[in-house]
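1. quick one, structure for this:
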Amino acid sequence: MKVLYRNFKAPGGGEVDLVCRDGESLVFVEVKTRSSEDYGRPVEAVDGEKQRLISRGGLAWLRLLEFPEILFRFDVVEVIAREGEVPSINRIENCFQLPEGVYP
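-> Presented below is the predicted three-dimensional model:
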């Protein structure tokens, strides 16, 4: 994947940590970092409310491009950064779909 933009904040609300290109697809990526999994996996923090926020950001990006005919998806990257260890990184491709009530 090629990173196109970092920390996109949409006018009127919405945000995306990374906007990427993966072949012919546009990918909106949420990065969640934790120091342990004591309270669950990082992806569990991407609840319905967070998904709506990311979706609004992704749709705002598409709006800026005048809604091109392009495939897009929402990925989550989990990072477990334990002190003194190499971080563990896990990408969950196509982690969620556009939530109800969020439309292009």
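2. check contacts around Pro99.
-> Taking Cβ atoms under 8 Å, 6 or more residues apart in numbering, we find Pro99 in contact with 48, 51-52, 55. For the C-beta atoms, the positions are set from N, CA and C on the backbone; glycine is no exception.
3. and Met1, how many neighbours?
-> When neighbours are defined as other Cβ atoms under 10 Å, Met1 has 14 of them.
4. what's the distance between it and Val19?
-> Distance, Met1 to Val19, using Cβ to Cβ, to the nearest Å: 10 Å.
5. overlap in contacts, those two.
-> Joint contacts of Met1 and Val19 (Cβ under 8 Å, 6+ apart) are Val27.
6. any idea how far stretch 42-50 is from the middle of the chain?
-> With Cα atoms, centre = their mean, to the nearest Å as the basis, stretch 42-50 stands 10 Å off its chain's centre.
7. equivalent analysis for stretch 13-22, please.
-> 6 Å.
8. stretch 6-15 too?
-> When distances are taken as Cα atoms, centre = their mean, stretch 6-15 is centred 12 Å away from the chain's centroid.
9. what comes up buried for that stretch?
-> Judged by neighbour count using 16 or more other Cβ atoms under 10 Å, the buried positions of stretch 6-15 are 8, 10, 14-15.
10. wait, a strand at Phe28?
-> Yes: Phe28: assigned to a strand according to DSSP: H, G, I helix; E, B strand; the rest coil.
11. so the spatially closest residue to it that is not a sequence neighbour, which state does it fall into?
-> Excluding the flanking residues, the one nearest Phe28 by Cβ to Cβ, 6 or more residues apart in numbering is Gly58, at 3.9 Å. The local conformation at Gly58, judged by three-state DSSP, is helix.
12. check contacts around Gly58.
-> Neighbours of Gly58 in contact, by Cβ under 8 Å, 6+ apart: 14, 16, 19, 28, 72, 74.
13. quick one: pLDDT of the residue in the chain sticking out farthest from the centre?
-> No residue in the chain sits farther from the centre than Gly84, which is 27.1 Å out by Cα atoms, centre = their mean. Reading off the confidence values, Gly84 has pLDDT 90.
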